[in-house]
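Visitor: coordinates only, no sequence provided:
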């Protein structure tokens, strides 16, 4: 596909909020999320010529982004103590200045999931994808995606179950 | 997906709408950035608070997406089994040549190109599951839990275990399974947090590290065996390569690396086998390792017919012959299940290999056979089952068949006296099937427990038990004594559900699951149930124990996480709750019911899951690099080691 910066930005405009939110839930840190989205944008732009149809852009970008998150998280795992400590600090009593803007409940709910589960739930919520498509992105069978999603959601439901009113107060 | 799951997704979405996207990621900035992109790009963060109006736009976009993206289940009914669709031939046909294989991939690529990711055309999946997807197929192909066996043997195993150390909780006696922690009665073996080494710890005089088996950086050990003086590591090698589509994609190969354990201080590497694809599972039986991987062809990046290495599985760097590739049951495919056997006396080579070219599936291994079952319920409403025999490392395709519905997990598929019993969830009901050795259905019961789905099952000789759930938890008893006429002989309704069933001595069946409010919505915690099955037409829940503030236990997803020993009267497993992870041990007797003997924090926050194993009178709780020892007399901590 022929694509210049203007066209790329146009296609990107449709999806960038979801890309960022997905990245935020995966990386758990606004700076890392910002970095990984920007890297995915660059990588996407460099290879956009290999994309056959414009309609596939969103799925393609989510695939690139999810793989980059995975890679980045793996790299971080090697020095993860610091990263994790920071994350839990945020969970426990982050200030309003941390730029997360993500409700505490949602963060807690994501925290109980494995990385793969986070990815599956993230792609369902922010990408709006069905298990078959997620399966292709993550190289899993759709049945596996469905079961993992189901398990992940039942874990999350324990945290997200309390009345809506509580969770509102938890924003910061 | 059921309504509850959908509501959760919606709620997460709504709560995420407050997220501000950094200015630097706004389309205008990105456009400028792309235009002025230097060769070596360095991203500069812009720590400026984004304008609030962006949020409003997000919210609107979400609302619109919600409406269009989730589909009702109505469409599903349009996808029924195709008239005259035959897989009995194709199910076990091998490829004539590589071009045969390529044709399926080409079909796949054509479909992908025709597909719009955003459009409304491709709504098959959740249209299939709209209502039905509450019944998510609980299979863990990618990691674990793939296996089952004859429950009859399982009971024997549970009762007869008199050895002074515990073994991995397997379904099938005689078929070993890999795990992340093992013991041979003296040494403890644990997969380190970094996934690259297995540490060997001597327990003889307190805990002391004796040795270690470590692999290179690009290897990830998923699990391992300690069997007959061999340590066998299994997992995958990950390398990123440039694809034909011009972008980078990780390529995974599955490996088995075998060590001789004559000297546990210095395990000696004696062989390695690799095959294409990421590791899905493995088994060990009669001196042979069976290695399973899932190999996805990069149809995304594009492949070419003449470049066979781009789409034919490699075993130890050699192309798998076409005569060992079974063609799929569907018109198109992009995945292989690759199976190799490795003789433990010749751990450097694959003795036999086969690939089932497919659209994905799961496996179950009995004492003689590997059953590959392929869930197609999302579009045809059925499951294709193929049987491969595996005697002495020699793999042979034997039969192919089909049942309605999907198979929840490997406990729902069970070989007994040459027949295969299968419990499925089909649309809004559940079914029981008996298949003969040619995988033809010879007996069935259909239409059970409307609007519920199977959560767990255990079959023992002529009787099987399974649990379905929506609001209450019916435990069904099935009489299989006449395989042609399976009969429901009992039904017990209780709140909550059991995710894992385990025979606990004579006439007792242990269930581990969740306690659920009568409204069927909120869970109260992890529940232990003991069922009296002495009269299988009148099964009773005789004891129950609910662990409050606990939201899950690994054993519900992976039976290997259970340490259950009837003779020692212990039921051990780790749970997750508000306080993190705890290891719990229970005993059971008729008078006192479940008694909690131990409830201790599991230390360590590594990636590996926790396991409990015992050697003589000590219980070891192992999580990656941390091992804690408890006396089984009073369950007080006596020792620990951080590796």
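Guide: Here it is on my side, so go on. What you are looking at is a predicted structure, and each value in this text was computed from that prediction instead of being measured.
Visitor: show the pLDDT at the residue in the stretch 501-643 of chain B that chain A sits nearest to.
Guide: With C-beta to the nearest C-beta as the measure, residue B:551 is the residue of the stretch 501-643 of chain B nearest to chain A, at 3.8 Å. All C-beta atoms are positioned from the backbone trio N, CA, C, and that covers glycine. pLDDT recorded at residue B:551 is 80.
Visitor: and the residue lying closest to it once chain neighbours are set aside, what element?
Guide: The spatial neighbour of residue B:551 that comes closest, neighbours along the chain excluded (C-beta to C-beta, 6 or more residues apart in numbering or on different chains), is residue A:158 at 3.8 Å. Assigned by DSSP states H and E, residue A:158 belongs to helix A:142-160.
Visitor: from the contact counts, what lies against that helix?
Guide: helix A:104-111, helix A:115-122, helix A:131-138, helix B:3-15, strand B:523-532, strand B:550-553 (3 or more C-beta pairs under 8 Å, 6 or more residues apart in numbering or on different chains; DSSP states H and E).
Visitor: first-to-last residue distance for stretch B:430-449?
Guide: End-to-end distance of stretch B:430-449 (C-alpha to C-alpha, to the nearest Å): 6 Å.
Visitor: can you pull the buried residues of that stretch?
Guide: Neighbour-count burial for stretch B:430-449, counted by 16 or more other C-beta atoms under 10 Å in any protein chain shown, picks out B:430-436, B:439, B:441, B:443-445, B:448-449.
Visitor: all helices for chain A, in order.
Guide: A:5-27, A:30-47, A:57-77, A:80-93, A:104-111, A:115-122, A:131-138, A:142-160, A:164-169 (DSSP state H).
Visitor: closest one to residue B:537 among those helices?
Guide: Closest of these to residue B:537 is helix A:142-160, at 32.3 Å (criterion: C-beta to C-beta).
Visitor: now the angle from the closest one to helix A:115-122?
Guide: Put simply, helix A:142-160 runs at 90 degrees to helix A:115-122, going by axes from the mean of the first three to the mean of the last three C-alpha atoms, to 10 degrees.
Visitor: now helix A:142-160: average pLDDT?
Guide: 82.
Visitor: what of stretch A:117-134?
Guide: 87.
Visitor: between the two ends of that stretch, what distance do you get?
Guide: 11 Å.
Visitor: circling back to that earlier point, quick one: closest of the helices and strands packed on helix A:142-160 to residue B:312.
Guide: Per C-beta to C-beta, nearest to residue B:312 of the helices and strands packed on helix A:142-160: helix A:131-138, 20.3 Å.
Visitor: secondary structure class of residue B:194, three-state.
Guide: coil (DSSP: H, G, I helix; E, B strand; the rest coil).
Visitor: find the centremost residue of chain A, please.
Guide: residue A:22 (2.4 Å; C-alpha atoms, centre = their mean).
Visitor: for that residue, give its distance to chain B.
Guide: Distance, residue A:22 to chain B, using C-beta to the nearest C-beta, to the nearest Å: 9 Å.
Visitor: and residue B:466, how close does it get to chain A?
Guide: 17 Å.
Visitor: ok, now which ones touch that residue?
Guide: Applying C-beta atoms under 8 Å, 6 or more residues apart in numbering or on different chains, we find residue B:466 in contact with B:412, B:423, B:430, B:454, B:456-458, B:475-476, B:478.
Visitor: can I get these in TSV with secondary structure and pLDDT?
Guide: TSV is the format used below for those (DSSP: H, G, I helix; E, B strand; the rest coil; pLDDT from 0 to 100):
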residue	secondary structure	pLDDT
B:412	helix	90
B:423	strand	90
B:430	strand	87
B:454	strand	80
B:456	strand	81
B:457	strand	82
B:458	strand	84
B:475	strand	84
B:476	strand	87
B:478	strand	90
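Visitor: which pair in those residues spans the largest distance?
Guide: B:430 and B:458 (15.4 Å).
Visitor: got the contact list for the one residue in the stretch 301-450 of chain B that gets nearest to chain A?
Guide: Going by C-beta to the nearest C-beta, chain A is nearest to residue B:360 of the stretch 301-450 of chain B, at 3.4 Å. Counting by C-beta under 8 Å, 6+ apart, residue B:360 touches A:135, A:141-144, B:141, B:294, B:335, B:374-375.
Visitor: how about 6 Å then?
Guide: Residue B:360 is in contact with A:141, B:335, counting by C-beta atoms under 6 Å, 6 or more residues apart in numbering or on different chains.
Visitor: where exactly do the strands run in the stretch 451-600 of chain B?
Guide: B:453-460, B:463-469, B:472-479, B:487-495, B:497-503, B:508-516, B:523-532, B:540-548, B:550-553, B:563-565, B:570-577, B:580-589, B:593-601 (DSSP state E, counting those that start in this stretch).
Visitor: before we move on, the earlier item: nearest to residue B:354, of the helices and strands packed on helix A:142-160?
Guide: Nearest of these (C-beta to C-beta): helix A:131-138, 23.0 Å.
Visitor: still on that earlier bit, may I see the helices of chain A organised as JSON lines, with distance to residue B:340 added?
Guide: Putting the helices of chain A into JSON lines (distance: least, C-beta to C-beta, whole Å) gives the following:
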{"stretch": "helix A:5-27", "distance to residue B:340": "34"}
{"stretch": "helix A:30-47", "distance to residue B:340": "34"}
{"stretch": "helix A:57-77", "distance to residue B:340": "27"}
{"stretch": "helix A:80-93", "distance to residue B:340": "34"}
{"stretch": "helix A:104-111", "distance to residue B:340": "37"}
{"stretch": "helix A:115-122", "distance to residue B:340": "25"}
{"stretch": "helix A:131-138", "distance to residue B:340": "24"}
{"stretch": "helix A:142-160", "distance to residue B:340": "22"}
{"stretch": "helix A:164-169", "distance to residue B:340": "50"}
